[in-house]
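Colleague: Give me the fold of what follows.
(chains A, B, C and D)
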There are 2 protein chains.
Amino acid sequence: MPRLVHDTSAILDAAARLLAAGSADAITIAGVIREAAVSSGSVYHRFPNRAALLAAVWNRAVQGFHAELYPLFDDEPVAAAVALGRRTVSWCRDHPADARVLLTGLGSFEPAAWPAESRDAREADQARWDQHIRRLVTGLKAATGRATAEILLIVVDLPYAAVRRYLSAGRDIPAALEDIVERAIRAALTADRRP
Amino acid sequence: MPRLVHDTSAILDAAARLLAAGSADAITIAGVIREAAVSSGSVYHRFPNRAALLAAVWNRAVQGFHAELYPLFDDEPVAAAVALGRRTVSWCRDHPADARVLLTGLGSFEPAAWPAESRDAREADQARWDQHIRRLVTGLKAATGRATAEILLIVVDLPYAAVRRYLSAGRDIPAALEDIVERAIRAALTADRRP
DNA sequence: GGCTCTCTAGAGGTCGGACTCTAGAAGGCA
DNA sequence: TGCCTTCTAGAGTCCGACCTCTAGAGAGCC
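Modeller: Numbers count the residues shown, from 1 in each chain, chains lettered A, B, ... in the order given. From the prediction side, this is the model:
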């Protein structure tokens, strides 16, 4: 009988909680079994191995994040950059566990061991994301005269840096951080450049 | 007979290399034994356990980094902030393995399990570093009117974000990055603020 | 040469985590 | 009611990592 006593997302939630309490290697099958109060049979019925579980944790987090940001790319370049920075901050505040997953970085999730379908799903989303970013960079080059490396620092890396300080320490993200990020992005994108 | 066939720093170098190839949990005693071509007896003669080895790897990296930056705090605030940003970039280029150690973050090195003397050494250096940062923040508040959170983002987190993109991907840090970081810091610290 | 003391080599003990396997619980359907 | 099919429980195997322990190598000193 298809009973489905346990919810798959509850297992992923437990894994994300373990990660928040340590590193990605804190996500062990034994740990998930304890944290989610589930048997090993239930875990292995859903995920063929630990790598597939890690892949599911990562893909769920990154797809949720991207889905919230995609609509913001439609705006005019500088406005889009500011909106992306602000929304990055607020998304991290609203989804601290998934934010910790992204902060940890793909490399810790052993993507080389993932099953093919997890890898394909990730690459499909990554390609779509990269395409959005490339279009935005092109627009910002025309609007501000900055080079690619400079734009990526201001638009992508700076909001990441803003939230990292608080997420990695387990502290709440200050309410003023959106304004701080916006000011920094605007200043770095629009200030006069010295000769 | 005090023979000292193996150098302790060679063991730490091997550990840093293992970290660069993966996460901090890639630093296993078995891995160090292989990577440094050393017996387990030699490792445990120097370090009572794995936590002490991790502590030595972390402390060596962070102390080397801080030692290079301390002299730069003596300058006038905005100039000091710019110099710190530039030197952070160049230090990471010159010491990629240690830069990867710092990038990984203290939390991955299980500081709770460290022996007391490693913990004391870390806290002493951290206190000295915090004191320098606090003085700089005070100076920058007076010079620019920014709040603490905004200054920390611009001065501390932004240079970190600039190098992270390249270090985590294992790519070389571009020669232009110092200039990019300097422009971003100056712009964010000195631009007019909207009401 | 003998003695000491530091350091090394490497065999094993122990433990925890990944994964397998089998018995069975329980809804839907004839 | 009895069968099928999905899902669960949990015991058990295997493997790798941390750490211990002992025998001994080799410089310095008498």
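
Colleague: So which elements touch the longest helix along chain A?
Modeller: Counting residues, the longest helix found in chain A (DSSP state H) is helix A:116-144. Contact partners of helix A:116-144 among helices and strands, from 3 or more C-beta pairs under 8 Å, 6 or more residues apart in numbering or on different chains; DSSP states H and E: helix A:50-69, helix A:77-94, helix A:148-152, helix A:177-190. Where you see a C-beta, it was placed from the backbone N, CA and C, and this is true even at glycine.

Colleague: Get me the contact residues on chain A for DNA strand C.
Modeller: Counting by C-beta under 7 Å from any atom of the strand, the positions of chain A adjacent to DNA strand C are A:1, A:3, A:27-31, A:40-41, A:44, A:48-51.

Colleague: out of the residues you listed, who's nearest DNA strand D?
Modeller: In terms of C-beta to the nearest atom of the strand, no member of the residues of chain A next to DNA strand C lies closer to DNA strand D than residue A:41, at 2.2 Å.

Colleague: Contacts only, for the closest one.
Modeller: By C-beta atoms under 8 Å, 6 or more residues apart in numbering or on different chains, no residues touch residue A:41.

Colleague: per-residue pLDDT, the residue nearest to the spatial centre of chain A?
Modeller: Most central in chain A under C-alpha atoms, centre = their mean is residue A:102, positioned 3.8 Å from the mean C-alpha point. We note a pLDDT of 96 for residue A:102 in this prediction.

Colleague: tell me which element it falls in.
Modeller: helix A:96-104 (DSSP states H and E).

Colleague: do that helix and chain B meet at all?
Modeller: No - using C-beta under 8 Å from any C-beta of the partner chain, helix A:96-104 never reaches chain B; the gap is at least 8.9 Å.

Colleague: Just the buried positions in that helix, please.
Modeller: The neighbour-count check on helix A:96-104 (16 or more other C-beta atoms under 10 Å in any protein chain shown) flags A:96, A:98, A:99, A:100, A:101, A:102, A:103, A:104 as buried.

Colleague: Likewise for stretch A:146-161?
Modeller: For stretch A:146-161, a neighbour-count test (16+ other C-beta under 10 Å) marks A:146, A:150-161 as buried.

Colleague: Likewise for stretch A:109-120?
Modeller: A:109, A:110, A:111, A:114, A:118.

Colleague: Which residues outside it are in contact with it?
Modeller: A:24, A:48, A:49, A:51, A:52, A:54, A:55, A:56, A:57, A:58, A:59, A:122.

Colleague: hmm, it touching DNA strand D?
Modeller: No - if you take C-beta under 7 Å from any atom of the strand as the test, stretch A:109-120 misses DNA strand D, and the best it gets is 13.4 Å.

Colleague: How far does that stretch stretch from one end to the other?
Modeller: For stretch A:109-120, the first-to-last residue distance is 15 Å (C-alpha to C-alpha, to the nearest Å).

Colleague: what is the rounded mean pLDDT of it?
Modeller: According to the model, stretch A:109-120 has a mean pLDDT of 95.

Colleague: Point out where chain A drops to low pLDDT.
Modeller: Low-confidence segments of chain A, defined by pLDDT under 70: A:1-5, A:193-195.

Colleague: Write out the residues of chain A neighbouring chain B.
Modeller: Near chain B, when you scan chain A using C-beta under 8 Å from any C-beta, you find A:22-25, A:105, A:107-108, A:147, A:149-150, A:152-154, A:156-158, A:160-162, A:164-165, A:168, A:174, A:176-177, A:180-181, A:183-184, A:186-188, A:190-191, A:193-194.

Colleague: tilt between the helix holding residue A:102 and helix A:77-94?
Modeller: Here helix A:96-104 runs at an angle of 120 degrees relative to helix A:77-94 (axes from the mean of the first three to the mean of the last three C-alpha atoms, to 10 degrees).

Colleague: Next, report how far helix A:96-104 is displaced from the centre of its chain.
Modeller: Distance, stretch centre to chain centre, for helix A:96-104: 6 Å (C-alpha atoms, centre = their mean, to the nearest Å).
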